[in-house]
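Novice: This is a predicted model, with the sequence first.
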2 protein chains.
Amino acid sequence: MHTEHETGPSGPTDALGTADDDGMASAATPARVRSLPSRLLAMTAMHADRLVGEGLAAEGARKWHFVVLVALTDGGPASQSTLSRRTGVYRSDMVAVLNDLAARGFVERAPDPEDRRRNVVTVTAAGRGYLHRLDEIVDRAQDELLAPLSRTERATLTGLLTRLHDHHATGAPAPDGPRST
Amino acid sequence: MHTEHETGPSGPTDALGTADDDGMASAATPARVRSLPSRLLAMTAMHADRLVGEGLAAEGARKWHFVVLVALTDGGPASQSTLSRRTGVYRSDMVAVLNDLAARGFVERAPDPEDRRRNVVTVTAAGRGYLHRLDEIVDRAQDELLAPLSRTERATLTGLLTRLHDHHATGAPAPDGPRST
DNA sequence: GGAAACCGTTCGTCGCACTAACGTTTCCGA
DNA sequence: TCGGAAACGTTAGTGCGACGAACGGTTTCC
């Protein structure tokens, strides 16, 4: 790669210094930066996060609440550290998430009689109903996010992203919480 | 979309409660969440940011320093708010970035004689040399990020991401700083 | 000659990823 | 068997990026 960039004399330096007609130099992002894969990823990820975040906020939830509820209903009751490994949420932050969910009656936290270090977290019926609502919200956000893409294009995109993610997820040690999926 | 999920009676609830052999329920992330485009985007974007961030940190830079330097060399000298529009960096945060760059002699900030509200920011020769080093670092990071993809796959990925980004960038009002590219 | 808009700047907020440490409990090997 | 290592839940705190509010100085528009 290494996109050579001109430092030569032909720079468009007339944009300032002459108080030209319209006022200020171009506000366009340089193509060099605009096409950087890392930047494209960051920007679109931000849009995506904003979409789902705004949707979930309408139900008083954050994406962590959603992810944890999914992990619980799909994987069954589990301890907090297991949930942390399943979701990628740090076990430090898992505490607050479960506090929220428990305070609203969506999960229940009980000491594990088999291993008194652990808490067993279980989804309640209300939690399942809540997740159902969040599910629809998230799905709508995905649709809105991928709106300009056809079905097959969406598939190739998720395929490529999955390959990138899997590639960089393997190899890293997982001493604590994250690097899960 | 709306991936229907089972809330039925056949849940794998045997994972806990019987102190089973291996100890704890599965730690695998549910496929439902793992394949969510928004989540894929977020995770891979994090990997990408970490890659370029670690690289740039070796030169004592952050991605903003790089982006601003690119915007300056490719777009010519500009005011801070113009830079903010070009780069997507909030004008609040632009102050600190320019402070850093100016303190290291990579840019120069001078009051604009034509409009004394503005500062004219200019790259120095040292700044161009610095950008050249950062360029190589960033390009290496892109290569590392896209390692598992072929050339054509990389092109389709950036193409799809560009379409998504452009689609969501248009229409949103730009009252303050961002939403630039 | 104001009012409105713009510019640079400071300060504060929120969410997320992450680290460090601590008390409790369980496991394991000498 | 007993003592240390490890896992668990929890608290507190850090760093960063995105963003909002407000303010003094300046320019533009009516």
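Specialist: That came in fine, so what should we check first? Nothing here was measured: the structure is a model prediction, and the numbers come from that model.
Novice: Please enumerate the strands of chain A.
Specialist: Using DSSP state E, the strands found in chain A span residues A:107-111, A:119-123.
Novice: gap between the residue nearest the centre of chain A and chain B?
Specialist: Residue closest to the average C-alpha location in chain A (C-alpha atoms, centre = their mean): A:Asp49, at 5.8 Å. Separation of A:Asp49 from chain B (C-beta to the nearest C-beta, to the nearest Å): 6 Å. All C-beta spots, glycine's among them, are computed from the backbone N, C-alpha and C.
Novice: which stretches of chain A form helices?
Specialist: For chain A, the helices defined by DSSP state H cover A:31-34, A:37-57, A:63-75, A:80-87, A:91-103, A:125-145, A:151-169.
Novice: Ok, which of those helices comes nearest B:Ile137?
Specialist: Among these, the nearest to B:Ile137 by C-beta to C-beta is helix A:37-57 (11.6 Å).
Novice: Indicate whether that closest one makes contact with DNA strand D.
Specialist: Yes. For helix A:37-57 and DNA strand D, the contact criterion (C-beta under 7 Å from any atom of the strand) is met by A:42, A:46, A:50.
Novice: Under the pLDDT cut-off, which ranges of chain A? List them.
Specialist: A:1-27, A:31, A:33, A:170-181 (pLDDT under 70).
Novice: at 80 instead, please
Specialist: Counting by pLDDT under 80, chain A contains low-confidence ranges at A:1-35, A:169-181.
Novice: was I right about A:Val95 contacting A:Gln80?
Specialist: Yes. Using C-beta atoms under 8 Å, A:Val95 is in contact with A:Gln80, at 7.4 Å.
Novice: who has more neighbours, those two?
Specialist: It is A:Gln80, of A:Val95 and A:Gln80, that has more neighbours when counted by other C-beta atoms under 10 Å in any protein chain shown, with 19 against 12.
Novice: Can you give me the end-to-end span of stretch A:83-100?
Specialist: For stretch A:83-100, the first and last residues are 15 Å from each other (C-alpha to C-alpha, to the nearest Å).
Novice: From the chain's centroid, how far away is it?
Specialist: Distance of stretch A:83-100 from the chain centroid (C-alpha atoms, centre = their mean, to the nearest Å) equals 15 Å.
Novice: which parts of it are buried?
Specialist: By neighbour count, and taking 16 or more other C-beta atoms under 10 Å in any protein chain shown as the criterion, the buried residues in stretch A:83-100 are A:83-89, A:91, A:94, A:97-98, A:100.
Novice: same question, stretch A:38-57
Specialist: Residues of stretch A:38-57 classed as buried under the neighbour-count rule (16+ other C-beta under 10 Å) are A:38-49, A:51-52, A:55-56.
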